[in-house]
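*Asks:* Okay, predicted coordinates and the sequence, questions at the end:
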Amino acid sequence: MQRIGLVLLSVPGYSETFFRSKIKGLQANGFEVLLFVFYPPKKEEVLPCEVFVSPPFNGRIFSKSVSVFKALLQLVFSAPFRSKTLFELDRSDGKRWATCFKNLLSQQFIMSKKLDWLHFGFGTVAVGKENLAKAMRAKMAVSFRGFDLYLSPLNRENYYSLLFKKAVTYHVLSLEMKADLIAKGVDGTQIHVITPAIDTSLFKAGHSQTTSSTLRILTVARLHWKKGLEYTLEAMAVLKRRGVAFEYTVIGTGDELERLLFAAHQLGISAEVRFVGKQTPKAVKEYMIASDVYVQYSIQEGFCNAVLEAQAMGLLCVVSNAEGLAENVMDGITGFVIPKRKPEVLARTIEKLLYLPSHQKIGLKKTAINRVQKDFNVSKQREEFINFYGS
Amino acid sequence: MKKALKIAIYSGDIPSTTFIERLIAGLSTKGCDLYLFGYRKKKVSYSKSISVFAYKNNKLDKALHLITYSFLLLLFKHKEKQHLDKILKTQSKNGLLDKVKCYPVLWHKPDVFHVQWAKGLGDWMWVQEFGMKLVLSLRGAHINYSPIANLELAAMYRQHFPQVDGFHAVSHAIAKEASKYGAPADRIKVIYSGLPEFESQVDAAIKADKDVLDLELGTSTPLQIISVGRPHWKKGYTYALDACHILKQAGFSFKYTIIGGSNAIELIYQVHDLNLQDEVCLSKQQPFETVKEMMQNADILLLPSVEEGIANVVLEAMALGTLVLSANCGGMAEVITDSQNGFLVPVRQSEAIANAVTQIATLSLERKLEILKSAQNTIADQHTENQMTSRMIRLYQEVLN
């Protein structure tokens, strides 16, 4: 039985279905999964696997001292040889003594475990821990999920340069991400594309869609700049100027609510736009049943599960060409992919949908539903991960 | 002898923002006794007519502050202290920090208590019960967008605005916005921000010969565009960067610098995404003298904001002799008349920004000089520090009478 250590910043919440479903899938196929996190989980966050939380190395002096003392004990009694190897590997990478020593202490809570794979759930979590897997004699895997590949390195020079030199098996969400990693010097054979998957038993077309004379547009997104919602609102304002009767619903919460409410106000579309906050998957499904068009006009996007769900529900989808979205939706076949940061183009595309002959609409929806059911279901993804760890 | 007005300028922090510090300095030269209350971020040396009653952000200093004023009030203003405690209790604001904030104000009792930021108004309505007059400044985000997103805040404004004795509005646009929350129009006085005197390159250039004029005011290649300000969404830098993309695609040669824009991942990503690394520089914040110099060296000061009261950086650029291209947000149209003393474009329109930039690049030197002179006249006519402080004192006097 293979033992997989999954390293994340925190325990995935209930809404983060990807990691939860992945853990369950691996367990169902005979893998043992250990989860390592840096922030303690909330009481209600129960996971069906063992969770190891990093002791606090920041904060009050007392708790910091206890953590250091505990880590020193582990270093001496639990994993002295691995620690020695890690220290030597870090030093050979040119890291300073103090950094090597800090790494030794902060990574002790992982180091003493016996693992076949050490899998970092995000690229950012692997930074500074490039030698940990080797010191533990485990294989190293890193998942890139979008922001960690495209945003995190932007204001940090050579952020992944050390990681990319190591023997790592990579998991990415799209072919474009794979191409971008190859362009950064990673060997293509080390990179596996495993796309996200959705609960196709919940998000299933066939419910009778409600009808309305008003065009009902929906987006599910965290209220974050990378989701391009300000551009989307501008497109809605264009629609309004052209006399299109619509209502636009945004599901999700985030820091940018004030920015977006003000944009809607200034653009004169407050009456047409509503922000309904975070919703459960079941409620999201209900909103989808009551919508005609799904829009995901992101600026940066790894792949986007919500777009898969919308396609599975038979909604006409219009998305931007931000990274993985162009693979998520097949332009002209399962929906429409348009250039990002062009509100006029988005408005025009949505308007065109109004006049799309119904046989074309049905064709698009049917292809989208079949494709998502076939290619983006959880069991397919589980198989791909089993193959990933067999590599 | 006429008694000096005792005015409290309250922003919460000492020192406050540049424009509030300018107001404080200006008022202190007009024979007012100024009181500053609140939290001291760092030590500032003020003139003699400015008294600071501040606490540092540590428990000991706050405790000493509280003990001193509790003691003084108990001994000499016992009844008033009791009354204030009762008010604070009914408002559920009777924590120790509330008392640290309020007791010194009750003890010193200025004639006018001037609150700079509207969001904090609810904490100071009590001063009227003790004979102090309450004045509120209507500034930027606090009026223009926060109450749109925060309905509780809007309700607080609606409850308290009708009771405020006087309002200082930074623009007519913001005065109009505040009246939506019940601020009585007859109690609002529009007082524009004022600048200290700058030596403008326009004057210097006019005095010099034609060659120097050309050197000082001629358009550089590539065209130098500059924006100044923190990377907050209201600054609208995303629109400016989209405009840069349009300009680049059109083959237009330019260099755009956002001072204060470094470390904003949204902007860094946009520059990268639109392949503008050679044209755009996101620089860190700079001291005012450096900003001034960079502004003078630029061909255009661009303000792509979606919301502003009246942006001080625009006033400074106009005073310094740099052409301004501004989005028509908030009160900007009260300062800039398009193509007369600067350029105005509609908000959230990158295409319009790009078009205006190309238009400005083709201006003749004579036309440019006309616009710059006109901009300078605007500043001289309505944005001097002297005008601002005189009008503010008039507002205080009206409120007291």
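*Replies:* Arrived safely, thanks for sending. Numbers count the residues shown, from 1 in each chain, chains lettered A, B, ... in the order given.

*Asks:* Domain ranges for the chain, per the record?
*Replies:* Using chain A. Chain A resolves into domains spanning A:3-53+A:114-197+A:378-390, A:215-375 when parsed by automatic domain parsing.

*Asks:* wrong one, chain B
*Replies:* Domain assignment for chain B, taken from automatic domain parsing, gives B:6-194+B:385-400, B:201-381.

*Asks:* Distance across the first one, terminal residue to terminal residue?
*Replies:* The first and last residues of domain B:6-194+B:385-400 sit 11 Å apart, counting by CA to CA, to the nearest Å.

*Asks:* re the thing from before, which one of the domains of chain A has the poorest average confidence?
*Replies:* Per-segment mean pLDDT for the domains of chain A reaches its minimum on domain A:3-53+A:114-197+A:378-390, at a mean of 89.

*Asks:* close to chain B, is that domain?
*Replies:* Yes - applying CB under 8 Å from any CB of the partner chain, one finds domain A:3-53+A:114-197+A:378-390 in contact with chain B at A:Tyr150, A:Leu151, A:Leu154, A:Asn155. All C-beta atoms are positioned from the backbone trio N, CA, C, and that covers glycine.

*Asks:* picking up where we left off before, Throw the domains of chain B into TSV and include mean pLDDT, mean neighbour count and distance to chain A, thanks.
*Replies:* Output for these, formatted as TSV (pLDDT from 0 to 100; neighbours: other CB atoms under 10 Å in any protein chain shown; distance: least, CB to the nearest CB, whole Å):
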stretch	mean pLDDT	mean neighbour count	distance to chain A
domain B:6-194+B:385-400	93	18	4
domain B:201-381	91	19	5
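
*Asks:* Of all these, which one is nearest A:Tyr160?
*Replies:* Of all the domains of chain B, it is domain B:201-381 that lies closest to A:Tyr160, at 15.3 Å by CB to CB.

*Asks:* which stretch among the domains of chain B comes nearest A:Leu215?
*Replies:* With CB to CB as the criterion, A:Leu215 lies closest to domain B:201-381 of the domains of chain B, at 22.6 Å.

*Asks:* Return the set of buried residues in stretch A:263-277.
*Replies:* Buried residues in stretch A:263-277, defined by neighbour count with 16 or more other CB atoms under 10 Å in any protein chain shown: A:Ala263, A:Ala264, A:Gln266, A:Leu267, A:Ile269, A:Glu272, A:Val273, A:Phe275.

*Asks:* Spell out which two among those are the most distant pair, please.
*Replies:* Taking CB to CB, the two most distant members of those are A:Gln266 and A:Phe275; they sit 15.3 Å apart.

*Asks:* if you go through the stretch 51-200 of chain A in chain order, where are the strands?
*Replies:* Using DSSP state E, counting those that start in this stretch, the strands of the stretch 51-200 of chain A run over A:117-120, A:139-143, A:169-172, A:191-193.

*Asks:* count of residues packed around A:Leu229?
*Replies:* 29 (other CB atoms under 10 Å in any protein chain shown).

*Asks:* That one and A:Arg222, how far apart?
*Replies:* Separation of A:Leu229 from A:Arg222 (CB to CB, to the nearest Å): 10 Å.

*Asks:* B:Trp107 now?
*Replies:* Using CB to CB, which is the criterion applied here, B:Trp107 is 48 Å from A:Arg222.

*Asks:* Leaving out sequence neighbours, find the closest residue to B:Ala327.
*Replies:* With CB to CB, 6 or more residues apart in numbering or on different chains as the criterion, B:Ala327 has its nearest non-adjacent residue at 4.7 Å, and that residue is B:Val347.

*Asks:* who's in contact with B:Cys32?
*Replies:* Remark: with contacts taken as CB atoms under 8 Å, 6 or more residues apart in numbering or on different chains, B:Cys32 is in contact with B:Ala4, B:Leu5, B:Lys6, B:Ile7, B:Ser49, B:Ile393, B:Tyr396.
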